[in-house]
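**Student:** Output the structure for:
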Amino acid sequence: MAMILKNEIVMRRMLKFILMMCCAALLCGCSNMKLRRQMKDFMAHKIVLPQELMEICDGRTRPVCVSVDSPMLILFYGKNECSLCAINHLADDLDEIKMVEKSGQCKVLILFSLTTEDDQIEIPEQVRESKFSFPIYLDLYGDFYRYNAEFPNDERFHSFLVGTDGYPVFIGNPLKDSRLRKVFNETLENI
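**Tutor:** This next block holds a predicted model:
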């Protein structure tokens, strides 16, 4: 009798464990499916850059017009990111950014979309003070959001590679992950 009771307890624990694992697998599977759908939707929309951007490089400022005439890695910072934090992190990634651009396979566009009056004052000042030796572009009027109404809030989509047609062909920041860097390089080779 005691042995049967002990076996019954073990079986219940195993059943609970199996049910928990099934639930976890189901949740992860649903999450991955949702992410895949978001990626597919994102890649189906052409990215339109604002006509007028402000370029800041080495502390100097000038208005520019940027076009997608070759593959371009876009590192986008918008209304959901802490722009001051992003500027500080960019300093850590500057060598990697320069290396990607020097490869000649794609351009790199670091773009901040300024959506508040405070951003329009603070961010240009912070970028100028940082004196990056690589251009940083400012969307002064938040046009990026207007032109790309379907742009996701999920920050994982804020670093992406567009082909010469303006459509995303790669999503993610290859500067932060060696596995993403490998896929990024493979994507560039196939463009």
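
**Student:** CA atoms for contacts and neighbours, from now on please.
**Tutor:** Noted.

**Student:** Show me the shaky parts of this protein.
**Tutor:** Within the chain, the ranges that satisfy pLDDT under 70 run 1-31.

**Student:** Show the end-to-end separation of stretch 158-169, please.
**Tutor:** 13 Å (CA to CA, to the nearest Å).

**Student:** which parts of that stretch are buried?
**Tutor:** For stretch 158-169, a neighbour-count test (16 or more other CA atoms under 10 Å) marks 158-163, 166-169 as buried.

**Student:** repeat for stretch 68-76
**Tutor:** Quick answer for stretch 68-76 (16+ other CA under 10 Å): 70-76.

**Student:** Dump the residues you listed into TSV; add distance to Asn148 and secondary structure as well.
**Tutor:** Listed next are these as TSV, based on distance: CA to CA, whole Å; DSSP: H, G, I helix; E, B strand; the rest coil:
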residue	distance to Asn148	secondary structure
Ser70	20	coil
Pro71	18	coil
Met72	17	strand
Leu73	17	strand
Ile74	14	strand
Leu75	15	strand
Phe76	12	strand
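
**Student:** Just name the closest of those to Phe112, please.
**Tutor:** Checking those against Phe112 with CA to CA, the nearest one is Phe76 at 6.0 Å.

**Student:** Is it correct that the closest one is in contact with His158?
**Tutor:** Yes: at 5.1 Å, Phe76 counts as touching His158 under the criterion of CA atoms under 8 Å.

**Student:** ok, which stretches of this structure are helices?
**Tutor:** Assigned by DSSP state H, the chain shows helices spanning 2-43, 83-102, 117-130, 143-147, 178-189.

**Student:** Would you mind getting the angle between the third one and helix 83-102?
**Tutor:** Regarding helix 117-130 and helix 83-102, their directions subtend 50 degrees when assessed with axes from the mean of the first three to the mean of the last three CA atoms, to 10 degrees.

**Student:** Number of residues surrounding the residue nearest to Gln126 when sequence neighbours are not counted?
**Tutor:** Spatial nearest neighbour of Gln126, chain neighbours left out: Leu84 (7.3 Å); criterion: CA to CA, 6 or more residues apart in numbering. For Leu84, the neighbour count with other CA atoms under 10 Å is 14.
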